[in-house]
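# Fold the following for me, if possible:
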Amino acid sequence: MTYIFDEFFASGLEESVSPFLMKNSRPWGKNLHLKSALFSAGLLLLAFGTFFHYTPLSYFLLSFVYFFAGTPALIDTIEDLKNWEINIDTLMTLAAFLAILIGSPLEGALLLVLFALSGALEEAVSHKTKNTLLSLHKISPVIATILDDKGIPFQKAIRDIKIGEKILVRAGEIVPLDGIVVDGSSSVNMIHLTGESTPVPKMISNEVQAGSRNLDGVLIVSVNRLSHESTLSRIITLITQAQEAKPKLERFLDRFGKPYAMTIIGLSLLFGVGLPLVFPLSYFGLEGSIYRSLAFLIAASPCALIIATPTAYLSAINACAKKGIILKGGVILDALASCSMFAFDKTGTLTTGELKCTGIEAIGESSPYSIDLALSIAASLERNAVHPLGLAITEYAKEKGVPLIPVDRFHSKPGFGLEGVVEVEKKRIPVFIGHAEYISSLFPIPETALTRHGPSTYLLIDRSLFAFDFLDALRPNVKEALKMLKEKHLSLIMLTGDNEANAKRFGKEIELHEIYANLRPQDKLEKISSLTQSHRLTMVGDGINDAPALARAHVGISMGKIGSSTAVDASDIVFLNDDLSLLPWLYRKACQTSRIVRQNVSLALGVILFATTPALLGLIPLWLAVTLHEGGTLIVGLNSLRLLKK
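Residues are numbered from 1 along each chain as shown. The predicted model follows:
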């Protein structure tokens, strides 16, 4: 139990998953800070409404506003001061509480509420990035089936399995640990690891990776890596390292917050104590130096600055959400606007991820069998297929209207192919279909046929050879979207686990600037790390294998509908509808947001300067200085609302 509590405190997760809470109480803990800030805002509105009619009630409501919104800010400020850390937040809290001393509790409460809302919203989106490793652990099995010396199966926890132990992996199961096949044969889908959906044959002496899905046969695997060294564990490590190394986006206010706050506090103290020594002023009263210095501090409080960025980001986030684009924090838009290079995964990102049979061709000398007959035989063998290539062949046969024929002596060789006997013109002919290694063991395949583009399946009818070609269909509107990005003078590259020939052919079709092929997850991460040294880079991907690169890039964009949960969690932006045609729109929106944020910050600083100096000189009363200050806040908010337009 102690371990559970320690794990929770170390996780940084929100209160809704706290082991201290009962199950029926946890919904109250979700986004608790945001709920508290909204509740304080409601109380503040009531306090404003009753201030001119029943002041005691207004002060009573304000006491709760200061309690709910002010207590967390005050605690954080005390902690900052203990560490000799003075920033804009410290200045804001100090100004809000000192407002009580000069009879302006409403203005102080407003500052606290705006501060609480800003912090709560930022905290709410930051928690979304905590789920990456949890998603990976859900994919990885925790128990495996072990075979003892007598071949009797029993269950054992993954973490207790030692090197050399034999694991039984049935069809449909996930390979729990890396190892070598010692018995059996099958095809495995490694899309979780490579991003490619093409089945990979596995037989005796072949290595299989943890996270691969066994498709059709039964495998007995001798473990060669412990659980903490497995492929999935390495991917977890890669994601962790990438997140730790991910550049922190420095905001304008963060950079100048500490000197600004220290300067304002120092000037306030100096004016409060020193003005009577220079000018004939008293320390007390409406024209006293203490009043003027406090008015200066209130006027200089960063109310407009606090909402300058959140209102702009929230407006942009709202507009993006209406388009089906989810952003994990508005500041990501600044990072996207600064990017000069976009890197794309291929399968599932630029393409649909679904293999489609594009044709069948006779290989070698003229065959006595027609193309339609060959397609009919292939579809008849693959009618019960479970792997993508077989499904694509049967679908292609349906499109061509080719009928199925009876198959005798049908036999499946997991990891190799299928075989049977068909009757053609009253002759019984053996037929075989499968990958190149299987067919070439039965009949020599010409070298030219083995260098075909993309994945291929071969059909052998007696001594006649046919080859099927497959293509991963291009996602709709991708070409138009990439063209629009090029018009913005952005560099476009592709990072894929696909073979080089197929990757280059595909990259040439969509006119990418650079293509990098045969990349494993760590290769993608290394390439992204290298490119980010000289470019601001956005990575677009969908699979678990893309997650480390998505986390390492300055901005990671994932596909929400087909993408893995790990890629979604590791990314900064999620396209819920997998519509890449929205990418140019998002880039334009990011650039517009950055412009408006800069405008807001400049405007807020200008208003503060215009209000503070007259207030210090006693040229304008406090209420007018506050009005000017809050007027700047209103202008900043209205400017941000322009981002709501689609």
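# hmm, what's the outermost residue in the protein?
The C-alpha centroid of the chain is most remote from P280, which lies 61.9 Å away (CA atoms, centre = their mean).
# Spit out the contact partners of L492.
Contact partners of L492, counting by CB atoms under 8 Å, 6 or more residues apart in numbering, are M341, F342, F344, L482, L485, K486, L512, H513. Where C-beta positions appear, they are placed from N, C-alpha and C, glycine not excepted.
# Most neighbours of all the residues you listed, which one?
F342 (27 neighbours; other CB atoms under 10 Å).
# Now do the residue nearest to V407 when sequence neighbours are not counted: how many residues are near it, please.
In space, and not counting its chain neighbours, V407 is closest to G420: 4.0 Å by CB to CB, 6 or more residues apart in numbering. Using other CB under 10 Å, the number of residues around G420 comes to 19.
# now do K508
Around K508 there are 10 residues (other CB under 10 Å).
# quick check, it in a helix?
Yes. Counting by DSSP: H, G, I helix; E, B strand; the rest coil, K508 is found in a helix.
# List the buried residues in the helix or strand where I317 lies.
In this assignment (DSSP states H and E), I317 forms part of helix 303-322. For helix 303-322, the neighbour count (16 or more other CB atoms under 10 Å) marks 303-317, 319-320 as buried.
# that older thread, and the residue farthest from the centre of the chain, how far from L57?
Going from P280 to L57 by CB to CB, to the nearest Å gives 42 Å.
# which residue sits closest to L465, ignoring its sequence neighbours?
According to CB to CB, 6+ apart, the nearest residue to L465 is I363 (4.2 Å).
# Just the CA trace of the helix holding I317, in PDB.
Written as PDB, here are the backbone C-alpha positions of helix 303-322 (Å, rounded to 0.1, in the frame of the first residue of the first chain):
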ATOM      1  CA  CYS A 303      -3.500  41.900 -15.000                       C
ATOM      2  CA  ALA A 304      -3.500  42.400 -18.800                       C
ATOM      3  CA  LEU A 305      -0.200  40.500 -19.100                       C
ATOM      4  CA  ILE A 306      -1.700  37.600 -17.300                       C
ATOM      5  CA  ILE A 307      -4.600  37.200 -19.700                       C
ATOM      6  CA  ALA A 308      -2.700  38.400 -22.800                       C
ATOM      7  CA  THR A 309      -1.500  34.900 -23.600                       C
ATOM      8  CA  PRO A 310      -4.200  32.600 -22.200                       C
ATOM      9  CA  THR A 311      -7.100  34.400 -23.900                       C
ATOM     10  CA  ALA A 312      -5.300  34.300 -27.300                       C
ATOM     11  CA  TYR A 313      -4.300  30.600 -26.900                       C
ATOM     12  CA  LEU A 314      -7.800  29.600 -25.600                       C
ATOM     13  CA  SER A 315      -9.500  31.300 -28.500                       C
ATOM     14  CA  ALA A 316      -7.100  29.600 -31.000                       C
ATOM     15  CA  ILE A 317      -7.600  26.200 -29.200                       C
ATOM     16  CA  ASN A 318     -11.400  26.700 -29.500                       C
ATOM     17  CA  ALA A 319     -11.200  27.400 -33.200                       C
ATOM     18  CA  CYS A 320      -8.900  24.300 -33.700                       C
ATOM     19  CA  ALA A 321     -11.300  22.100 -31.700                       C
ATOM     20  CA  LYS A 322     -14.100  23.000 -34.000                       C
END
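# Okay, now the sheet partners of the very next helix or strand once past that helix, with direction.
Using DSSP H and E, the helix or strand that directly follows helix 303-322 along the chain is strand 325-327. Sheet pairing of strand 325-327 (DSSP bridges) gives strand 573-575 (antiparallel).
# quick check: mean pLDDT across the strand it pairs with?
Averaging pLDDT along strand 573-575 gives 82.
# gap between it and the chain center?
7 Å (CA atoms, centre = their mean, to the nearest Å).
# what do you get for stretch 318-336?
A distance of 12 Å separates the centroid of the chain from that of stretch 318-336, by CA atoms, centre = their mean.
# Rounded mean pLDDT for that stretch, please.
79.
# List the buried residues in that stretch.
Buried, per 16+ other CB under 10 Å, within stretch 318-336: 319-320, 323, 325-336.
# Please tell me how far the closest residue to R536 other than its chain neighbours sits from H513.
Leaving aside its chain neighbours, R536 sits nearest to C339 (4.4 Å; criterion: CB to CB, 6+ apart). Separation of C339 from H513 (CB to CB): 14 Å.
# got it, and K486?
Counting by CB to CB, the gap from K486 to H513 is 9 Å.
# same deal with F52?
Distance from F52 to H513, by CB to CB: 64 Å.
# same question, Y438
Computed as CB to CB, the Y438 to H513 distance reads 39 Å.
# again with A210
35 Å.
# isn't C591 right up against A337?
Yes. At 4.5 Å, C591 counts as touching A337 under the criterion of CB atoms under 8 Å.
# of the two, who's got more company?
Comparing C591 with A337 by other CB under 10 Å, the one with more neighbours is A337, at 19 against 16.
# before we move on, back to that, hang on, the residue farthest from the centre of the chain is in a helix, isn't it?
No. Looking at P280 with three-state DSSP, it is coil, so not inside a helix.
# and it, what pLDDT?
pLDDT recorded at P280 is 71.
# From G266, how far out is it?
For P280 relative to G266 (CB to CB), the value is 24 Å.
# ok, now A316?
Counting by CB to CB, the separation of A316 from G266 is 36 Å.
# ditto for P521
52 Å.
# how's this structure carved up into domains?
Domain assignment of the chain by automatic domain parsing yields the ranges 31-130, 140-229, 326-351+475-591, 370-461.
# Now do the longest strand along the chain: which elements does it pack against?
For the chain, the strand that runs over the most residues, judged by DSSP state E, is strand 351-363. Counting contacts by 3 or more CB pairs under 8 Å, 6 or more residues apart in numbering; DSSP states H and E, strand 351-363 packs against helix 371-381, helix 388-400, strand 464-474.
# so what strands line up beside it?
Short version: by DSSP bridges, strand 351-363 pairs with strand 464-474 (antiparallel).
# chain center to the helix or strand following the strand it pairs with: distance?
Along the chain past strand 464-474, the next helix or strand (assigned with DSSP H and E) turns out to be helix 478-487. Counting by CA atoms, centre = their mean, helix 478-487 is centred 22 Å from the centre of its parent chain.
# Contacts for helix 478-487, please.
Helix 478-487 is contacted by residues F342, L350, L492, I510, E511, L512, L580, S581, L582, L583, P584, Y587 when judged by CB under 8 Å, 6+ apart.
# Repeat the analysis, applying 7 Å as the threshold.
F342, L350, L492, I510, L580, S581, L583, P584, Y587 (CB atoms under 7 Å, 6 or more residues apart in numbering).
# Next, the third one: secondary structure please.
The three-state label given to L492 by three-state DSSP is strand.
# For it, give the beta-bridge partners.
Bridge pairing for L492 - DSSP bridges - gives F342.
# where's it relative to A481, distance?
Counting by CB to CB - L492 and A481 are separated by 10 Å.
# and what of the fifth one?
Computed with CB to CB, the distance linking L580 and A481 is 5 Å.
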